[in-house]
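Participant: below is the structure, and that's it, no one-letter string:
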């Protein structure tokens with residue numbers, strides 16, 4: 001077996017694939033040989049990929065989307081559930097409607113699209129692979145995005161359960177993504193100095209590029225990961241060092257902070 005990721009002849013659907021991390025994933029999958037279809041609630045900014053308009057929170061639109069992909073290409077081999085996100089809102093201040101929307105987009109939609117894709121993949125001799133884009137927010141406190149963190153923890157749990165229910169035909173894995181540079185980085189973190197300060201807290205010394213998330217997704221979708229299912233892969237540059245270490249360092253190595 002070649003140790004190169006080869007997705008030739010496979011059809012992939014990337015939700016939220018028209019920008020940011022989703023676009024990075026779609027680009028890598030295409031470079032690996034896959035035919036890639038992206039979807040989002042609005043038109044794509046360009047015609048780089050075959051694109052469909054779909055609100056993944058609506059099961060009827062999801063069913064139509066998957067039917068369109070199969071009608072156009074005859075199969076669906078790879079699904080990347082990337083659509084998601086949340087604006088900042090403290091839990092005590094957010095409305096029930098706001099929380100429902102965040103949970104719906106980040107968790108319920110992931111299940112809905114996965115179910116539609118699974119129905120196709122189970123009928124294919126070659127089965128299929130699903131990759132869920134989760135977050136480090138699933139693994140630690142998520143102040144300001146409580147419902148988002150809870151939803152992503154649900155995605156990781158859902159991934160493990162579906163791997164049991166849908167195997168051996170369909171493999172499902174999740175990627176817990178850390179900070180990543182996208183078109184919205186400055187909006188989230190501020191100017192270059194602020195971004196540099198944030199990056200200094202990451203053991204890798206920088207945020208990820210969308211293509212790096214795409215490379216992990218491509219591996220998980222490929223035959224190189226044929227025995228990987230129900231896994232949660234951390235792609236966060238080393239994670240977030242515990243805050244108490246900064247305090248300890250001030251006393252253990254005071255000269256370094258002078």
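Facilitator: Okay, I see it. Not measured: the values here are computed from a predicted model.

Participant: what's near enough to touch the nearest residue to residue 59 once chain neighbours are set aside?
Facilitator: Using Cβ to Cβ, 6 or more residues apart in numbering and skipping residues adjacent in sequence, the residue nearest residue 59 is residue 112, 5.0 Å away. No exception for glycine: its C-beta is placed from N, CA and C like everyone else's. Residue 112 is in contact with 56, 57, 59, 62, counting by Cβ atoms under 8 Å, 6 or more residues apart in numbering.

Participant: so which strand or helix has the most centrally placed residue in the chain?
Facilitator: Nearest to the geometric centre of the chain sits residue 133, at 1.9 Å (Cα atoms, centre = their mean). For residue 133, the element it lies in under DSSP states H and E is strand 128-135.

Participant: any idea of the mean pLDDT in that strand?
Facilitator: Averaged across strand 128-135, the pLDDT comes to 98.

Participant: buried sites along the helix or strand just after it?
Facilitator: Once strand 128-135 ends, the next helix or strand along the chain (criterion: DSSP H and E) is helix 146-166. Neighbour-count burial for helix 146-166, with 16 or more other Cβ atoms under 10 Å as criterion, is recorded at 146-156, 158-159, 162-163, 166.

Participant: which residues make contact with helix 146-166 from outside it?
Facilitator: With Cβ under 8 Å, 6+ apart as the criterion, helix 146-166 contacts 81, 84-86, 90-91, 94, 98-99, 102-103, 105-107, 110-111, 114, 118, 122, 130, 132, 134-135, 137-142, 170-174, 176, 229-232.

Participant: isn't the residue nearest to the centre of the chain right next to residue 175, touching?
Facilitator: Yes: counting by Cβ atoms under 8 Å, residue 133 does reach residue 175; the two are 5.7 Å apart.

Participant: shared neighbours of these two, anything?
Facilitator: In contact with both residue 133 and residue 175: 213, 217, using Cβ under 8 Å, 6+ apart.

Participant: count of residues packed around residue 93?
Facilitator: 8 (other Cβ atoms under 10 Å).

Participant: cool, the one 4 residues further on as well?
Facilitator: Other residues within reach of residue 97 by the criterion other Cβ under 10 Å amount to 7.

Participant: check residue 144 too.
Facilitator: 16.

Participant: one step back: so which of the contacts of helix 146-166 belong to helices?
Facilitator: 98, 99, 102, 103, 110, 111, 114, 118, 122 (DSSP state H).

Participant: can I get those in TSV including neighbour count and pLDDT?
Facilitator: Listed next are these as TSV, based on neighbours: other Cβ atoms under 10 Å; pLDDT from 0 to 100:
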residue	neighbour count	pLDDT
98	14	97
99	18	97
102	22	97
103	18	98
110	30	98
111	17	98
114	23	98
118	22	98
122	12	98
